[in-house]
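>>> give me coordinates for this.
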Amino acid sequence: MSRRLSFDHNEPRWMRLTAQNRLVLPQDVAAWLKESGSLTKAVVHACDGRFNLQLRGQRWGRGYVSERELLGMRQGAHGLIREVELRCNESAWVFARTLIPASSFRGRAKRLARLRNKPLGAVLFADKSTQRVLSEVARITPRHALYHAATSNLFDKPSEIWGRRAIYRYAGQPILVNEIFLPAIPER
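Next up is the predicted model:
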């Protein structure tokens, strides 16, 4: 995982969390960005009302350049792109975008195509063999395609948002999960 990825100006600059860059994380989302367990479980715990997951869409596609390269997908290869919102009291707290390469749908991983409104985290973290292989964070601005995907349902759009992404190995197969923190999420 140490190869240099292509840089597309429509994508944020992702960086691994280090002691140095932890200092630049915004105070209001720093704890969320550093969360090491299931984000869904943490959001449910922080929600003092009714939590729900809203499926925004699920389709076959190619994903962003850095996503495909990070997953080692061949040029032109497709994967399942799933976009959801984690919501508390009808307010979107997190936008999550998952890319699962078509080649990952083998064995137990086949069930990931049928999640519907079930949180992916509930499946990943219920399996003790799931491994987080890589974790990165990024500042995301209106010049990035991911910003527009994450904020498309917001009336008041912020000048920037922060997110994290991780590669998980589930049933031996790679999955990329982006979690973008929206303005309504409370500070931890």
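>>> for the protein, which element, helix or strand, carries the lowest mean pLDDT?
Every helix and strand of the chain was ranked by mean pLDDT, DSSP states H and E. The lowest is helix 120-124, at a mean of 88.
>>> which residues sit in contact with Ala42?
When contacts are counted by CB atoms under 8 Å, 6 or more residues apart in numbering, Ala42 is found next to 32, 35. All C-beta spots, glycine's among them, are computed from the backbone N, C-alpha and C.
>>> just the element for it, please.
In this assignment (DSSP states H and E), Ala42 forms part of helix 39-46.
>>> mind checking the pLDDT average for that helix?
Average pLDDT, helix 39-46: 93.
>>> what pairs with the helix or strand just after it, parallel or antiparallel?
Note on helix 39-46: by DSSP H and E, the next helix or strand toward the C-terminus is strand 51-61. Strand 51-61 has its sheet partners listed here by DSSP bridges as strand 79-88 (antiparallel).
>>> distance from the chain centre to the partner strand, please.
Averaging C-alpha positions (CA atoms, centre = their mean, to the nearest Å) puts strand 79-88 8 Å from its chain's average.
>>> quick one: secondary structure of the spatially most central residue of the chain?
For the chain, Asn178 is the residue whose C-alpha lies nearest the centre (CA atoms, centre = their mean; 1.6 Å). At Asn178 the chain is in strand, as set by DSSP: H, G, I helix; E, B strand; the rest coil.
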